[in-house]
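Visitor: coords below, sequence missing:
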């Protein structure tokens, strides 16, 4: 029996899931940092 | 630390993959598909560790109201559900060629699905319940209660006569890891995934801290003078 496709599918699923989660987390953090910078600038402008 | 952890994770993952695909011998009964076990079992251990972290951090949050503990619980729940999902996807991929079915309602499999559902509910509660203090407390209770399922999963292979194989020790359900390289492969895979989960959790905690900082700034910015933020 050729079980290679099952082995490939399992490891592909693992790395795709981890990669997508990392990508989502990275994008979310970058968006938050951008928004935070913008808001800090607005707060500074207001306090002047 | 911010650079050491990703680097250590990368090295450990490469070492684990090299061991699993180049060094460990092929299991006699199951053949090449048994190599799924190394990351499948390690993912289960990492998920359990994540859920124990949720329970511990939730207990600390309920005890002293620490925001840091609540952030850690939320982050660990997310990472735990990710690894538990990996377990529930890779398990059936192994089961199809070995058992002849994708899924069976074996006690261990069923309780793992329940564990996943409990912590998926925890995440839904956090996502849709809003940032209310009461929601965080309900979630903390759920995070502590959910972890009680883990000891049942651990003993279910022996006590409930399931068909899921015991990985470390030989039993009627399947073969143990007889070759020392198999045990080393499993150990290194577990260390690699623990480091990976640790890294992901720290990233998620950082993202949660940014969200809170942003919410505080928004309140400061959009509250009129004289109003309480």
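Guide: Arrived safely. Here the structure is a predicted model, which is why all the values come from computation and not from measurement.
Visitor: quick one: low-confidence residue ranges for chain A.
Guide: Across chain A, the ranges flagged by pLDDT under 70 are A:1.
Visitor: repeat that for 90
Guide: A:1-3, A:36, A:38-48 (pLDDT under 90).
Visitor: how about stretch A:37-44 and chain B, touching?
Guide: Yes - counting by CB under 8 Å from any CB of the partner chain, chain B has neighbours in stretch A:37-44: A:39-40, A:42-43. C-beta here means a position set from N, CA and C on the backbone, and glycine is covered the same way.
Visitor: next one: the lengthiest helix in chain B to chain centre, how far?
Guide: Criterion DSSP state H: the longest helix present in chain B is helix B:180-222. What separates the centre of helix B:180-222 from the centre of its chain is 11 Å, taken as CA atoms, centre = their mean, to the nearest Å.
Visitor: most neighbours among the residues of stretch A:37-44 next to chain B, please name it.
Guide: residue A:39 (18 neighbours; other CB atoms under 10 Å in any protein chain shown).
Visitor: name the nearest residue to that one, sequence neighbours excluded.
Guide: Spatial nearest neighbour of residue A:39, excluding adjacent residues (CB to CB, 6 or more residues apart in numbering or on different chains): residue B:217 at 4.5 Å.
Visitor: residues from chain A in reach of chain B?
Guide: A:1, A:3-4, A:6-7, A:9-11, A:13-14, A:17-18, A:21-22, A:25-26, A:28-29, A:32-33, A:35-36, A:39-40, A:42-43, A:46.
Visitor: show me just the buried residues among those.
Guide: Neighbour counting by 16 or more other CB atoms under 10 Å in any protein chain shown classes A:3, A:6-7, A:10-11, A:13-14, A:17-18, A:21, A:25, A:29, A:32, A:39 among these as buried.
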